[in-house]
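Student: coordinates for the following, if possible.
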Amino acid sequence: MSDTYKTIPQPAEGLITEKKSKFISHILPVKSVEEVQEILAVYRKKYSDAGHVCWAYMLGWERDNFRSSDDGEPSGTAGRPILGQINSYELTDVLILVVRYFGGTLLGTGGLIKAYKEAAVEAITNAEIVEKTIDGVIEIYFDYILLNEVMRILKQFEELRWEQNFGESCEMRLQIRRSLSEKLAGMLMGIHGVTVKK
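Tutor: Now for the predicted structure:
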């Protein structure tokens, strides 16, 4: 199972023209449905003179939180092709919206699907795509006396990040690639007196 996912660090845009209809596409990084709704509200206002603002988003590294909208275009001709391109490029935590200015010529179902798909691709190819790791979080609790032993294990993992809170006893919150988290947890459980919570 992969422990990385692809996303974009900053917005990008694209533009295609099909029979005088203009399709302006935007791809934006998003983290939540609320953020998607806020962005959509901004762009609907910005492009209030456009015929349609169609969109699709995908959220989460499991890529199981997604939606699309045809915004008044014939069903399945806009949102689904946009979402299809998010899938083709295996992206997540992104919102793509495509604004259409009607050019006077009807494109038909096939023409619309092609145009929305191409507009989405334009935005994606103009964006920087980055690969991020899916991290597991482990919390550990132990007494000071075990600190050296714990640190000796932690130093074996280069990609490990942590926060610590040392009061009466030691608490640490460790963040590491999911594929390594089992190994790390297992090694820490091997130290008598360390409590591990995953």
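Student: contacts only, for the residue positioned nearest the centre of the chain.
Tutor: With the centre of the chain defined as its mean C-alpha position, the nearest residue by C-alpha atoms, centre = their mean is residue 93, 1.8 Å away. With contact set as C-beta atoms under 8 Å, 6 or more residues apart in numbering, residue 93 has these partners: 5, 7, 29-31, 58-60. (Each C-beta comes from the backbone N, C-alpha and C, glycine too.)
Student: residue ranges in this protein under the pLDDT threshold?
Tutor: Applying pLDDT under 70 to the predicted model, the residue ranges of the chain that meet it are 1.
Student: which parts of it are helices?
Tutor: Shown for the chain, the helices assigned by DSSP state H span residues 33-46, 79-88, 108-125, 147-154, 178-189.
Student: so how far is residue 49 from the residue nearest to the centre of the chain?
Tutor: The span separating residue 93 from residue 49 equals 30 Å under the rule C-beta to C-beta, to the nearest Å.
Student: how about residue 112?
Tutor: Counting by C-beta to C-beta, the separation of residue 112 from residue 49 is 20 Å.
Student: excluding its backbone neighbours, what's nearest the residue lying farthest from the centre of the chain?
Tutor: Among the C-alpha atoms of the chain, the one most distant from their mean position (C-alpha atoms, centre = their mean) is that of residue 145, at 41.3 Å. Across the structure, with C-beta to C-beta, 6 or more residues apart in numbering as the measure, the residue nearest residue 145 apart from its sequence neighbours is residue 193 (7.9 Å).
Student: before we move on, back to that, next, format the helices of the chain as a markdown table and append mean neighbour count and distance to residue 197.
Tutor: Compiled in a markdown table, the helices of the chain are given as follows (neighbours: other C-beta atoms under 10 Å; distance: least, C-beta to C-beta, whole Å):
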| stretch | mean neighbour count | distance to residue 197 |
| --- | --- | --- |
| helix 33-46 | 14 | 29 |
| helix 79-88 | 20 | 35 |
| helix 108-125 | 20 | 39 |
| helix 147-154 | 14 | 14 |
| helix 178-189 | 16 | 9 |
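Student: show the buried residues in the contacts of residue 93.
Tutor: Buried residues within the contacts of residue 93, defined by neighbour count using 16 or more other C-beta atoms under 10 Å: 5, 7, 29-30, 58-59.
Student: the residue lying closest to residue 143 once chain neighbours are set aside: neighbouring residues, count only.
Tutor: In space, not counting the residues next to it along the chain, residue 143 is nearest to residue 169; the distance is 5.4 Å by C-beta to C-beta, 6+ apart. Here the count is done by other C-beta atoms under 10 Å, and residue 169 has 13 residues near it.
Student: make 338 the starting number, not 1.
Tutor: Got it, the first residue is 338 from now on, which makes the last one we talked about residue 506.
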